Structures are given as C-alpha cells and as structure tokens.
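Asks: sequence isn't available, so here's the structure alone:
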C-alpha cells in the first residue's frame, strides 16, 4: 500500500481534508486501485497501516461531469485491518462494495451477476 500526502482546503461547507492511498487486489493478475479517504477520522486510520499488510476497503465509485468530461473517484468509507492480531474493524461499514470480496463488482458485468443493477441507465 502506498499513501500519498494529505490535501486540505476550504469549501462552501467549511474545511475539508483528503488523502489518496493505493492498494493492490489479491487476484491472479493484481490490479492497483487508488482510493480517496475524505475525512480526518478515516485518514487517521491509515497511519498505523504498514506496507505489505492486508486490509479490506469498503468504497463507493462516484462519477461526475465537468466541462463535458467525466471524472471518476473511488471513495473509501471503511477500512478493516485483516492482519493477524487485529481484533475489531477500524470503521464499520453499512453499504457500498468490499474491495477484498468483490473488486470486480463495480463493473457492469459484476453488477449484473450480483443482482444489484440499480444504475439509472
């Protein structure tokens, strides 16, 4: 896992802070995925995680249009350490996809297979 530097700023709703971290799937052909942790509580949970440890990331994929172009963001909302000796999840999650369990569930094919095809198109 690679953790990039924190970014912060001021918006119409007040101060915001985010940090990007890169994880790698445990597939036959591993893929790297960049996640965004978008609050101080979640960012503080990244600090004790060491490179090479196994984690479970719950996330949402969001896309938005700006000036005719589309941008996608993978926002983490839950991180659980899967290392030996870890007793409780770092943050509980109630919805979204699990990075470890279904890394491909966010593809159109994966959504159709899981029966959760609730896309607006």
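Replies: Received it, and whenever you're ready, just let me know what you need. Nothing here was measured: the structure is a model prediction, and the numbers come from that model. Residues are numbered from 1 along each chain as shown.
Asks: am I right that residue 45 is in a strand?
Replies: No - secondary structure of residue 45 (DSSP: H, G, I helix; E, B strand; the rest coil): helix, not part of a strand.
Asks: is it true that it touches residue 80?
Replies: No - using Cβ atoms under 8 Å as the test, residue 45 is too far from residue 80 to be in contact (9.5 Å). The way it works is simple: take the backbone N, C-alpha and C, and place the C-beta from them, glycine included.
Asks: just the pLDDT for residue 34.
Replies: The pLDDT attached to residue 34 in the predicted structure is 94.
Asks: also residue 43?
Replies: pLDDT, the model's per-residue confidence, is 89 for residue 43.
Asks: could you do residue 115 as well?
Replies: In this prediction, residue 115 has a pLDDT value of 49.
Asks: do residue 100 as well
Replies: The pLDDT attached to residue 100 in the predicted structure is 43.
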